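*Asks:* Mind looking at a prediction? Sequence and model below.
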Amino acid sequence: MRTIETTRGPAEVDLRLAEPSRGLLVLGPGASGKPFHDLFSVADAVQAAGISVAIVTPPYAVAGRRIPPRGSATDEAFIQVIAALQEELGDQPLITGGRSYGSRVACRTASEAGSVGVLCLAFPLHPPGKPEQSRLGDLEAATVATLVIQGRSDAFGCPPGAEHRRVLVVDGDHSLKKDHDRIASTVVEWLDDLL
């Protein structure tokens, strides 16, 4: 685990280097700020496929808060962490993503970060029971190739596919506790095509 200073406070990064590396996947966690099992299983498979992975714990979570701040603070810190990693690791294709809230951050920052693709694990399309409060705008901010992996019974809804966006529906809910092998292999195949 390493610490990267941002203007919003220190972020922590679990960096898993591939040697040689053909790309860098930077992942953000859900709103709790703690990485879930699905991030770790994807990270293991991606690293084994020759792509370096960074799992970011944002500053608010490092500071002990369990709810992300309103506004752009998390987005700004995510961009700064990416910049620091790119400076350290050199020029290689960048893919950003995350689970739930982290996938929203990745979508909103994809253009500024220079991502060639965005990975969304359990994108929260709307709050449970409130489909009228759609967050589709966050998802559509990512105009590059996007892979969304969603649980069939996710209470946060299931986003639609689009020309540049593939949606894979798997058994389970928002926690994505099932089908880890299928999720990981799909991500690796998508990254292979992307890179």
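*Replies:* Noted; the coordinates are in hand. Computed from a predicted structure; not experimentally measured. Residues are numbered from 1 along each chain as shown.

*Asks:* Just to check, Ala49 is in contact with Asp192?
*Replies:* Yes. If you go by C-beta atoms under 8 Å, Ala49 and Asp192 touch, sitting 7.1 Å apart. C-beta coordinates here come from the backbone N, C-alpha and C atoms, glycine included.

*Asks:* Looking at those two, which one has more neighbours?
*Replies:* Set Ala49 next to Asp192 and count neighbours by other C-beta atoms under 10 Å: Ala49 wins out with 19 against 12.

*Asks:* any idea what sits nearest the more buried one, other than its immediate chain neighbours?
*Replies:* Sequence neighbours aside, Val188 is the residue nearest to Ala49 in space, at 4.7 Å (criterion: C-beta to C-beta, 6 or more residues apart in numbering).

*Asks:* Using CSV, write out the CA atom coordinates for the helix or strand in which the one you found is found.
*Replies:* Using DSSP states H and E, Val188 maps to helix 180-194. The C-alpha atoms that make up helix 180-194 are tabulated as CSV, following Å, rounded to 0.1, in the frame of the first residue of the first chain:
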residue,chain,number,x,y,z
HIS,A,180,-16.4,-14.0,-10.0
ASP,A,181,-14.7,-16.2,-12.7
ARG,A,182,-17.1,-15.1,-15.4
ILE,A,183,-16.7,-11.4,-14.4
ALA,A,184,-12.9,-11.6,-14.3
SER,A,185,-12.7,-13.5,-17.6
THR,A,186,-15.1,-11.0,-19.3
VAL,A,187,-13.0,-8.1,-18.1
VAL,A,188,-9.8,-9.6,-19.3
GLU,A,189,-11.3,-10.4,-22.8
TRP,A,190,-12.6,-6.8,-23.0
LEU,A,191,-9.3,-5.4,-22.1
ASP,A,192,-7.5,-7.6,-24.6
ASP,A,193,-9.8,-6.3,-27.4
LEU,A,194,-9.4,-2.7,-26.2
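
*Asks:* elements contacting that helix?
*Replies:* Here helix 180-194 touches helix 37-48, strand 117-121, strand 145-151, strand 165-170, going by 3 or more C-beta pairs under 8 Å, 6 or more residues apart in numbering; DSSP states H and E.

*Asks:* Try it again at 10 Å.
*Replies:* Contacts defined by 3 or more C-beta pairs under 10 Å, 6 or more residues apart in numbering; DSSP states H and E place helix 180-194 against helix 37-48, strand 94-99, strand 117-121, strand 145-151, strand 165-170.

*Asks:* hmm, who's touching that helix?
*Replies:* Residues outside helix 180-194 that contact it (C-beta atoms under 10 Å, 6 or more residues apart in numbering): 22-23, 25, 37-38, 40-46, 48-51, 93, 95, 97, 116-117, 119, 121, 144-147, 149, 166, 168, 170-172, 176, 179.

*Asks:* Done for today, thanks.
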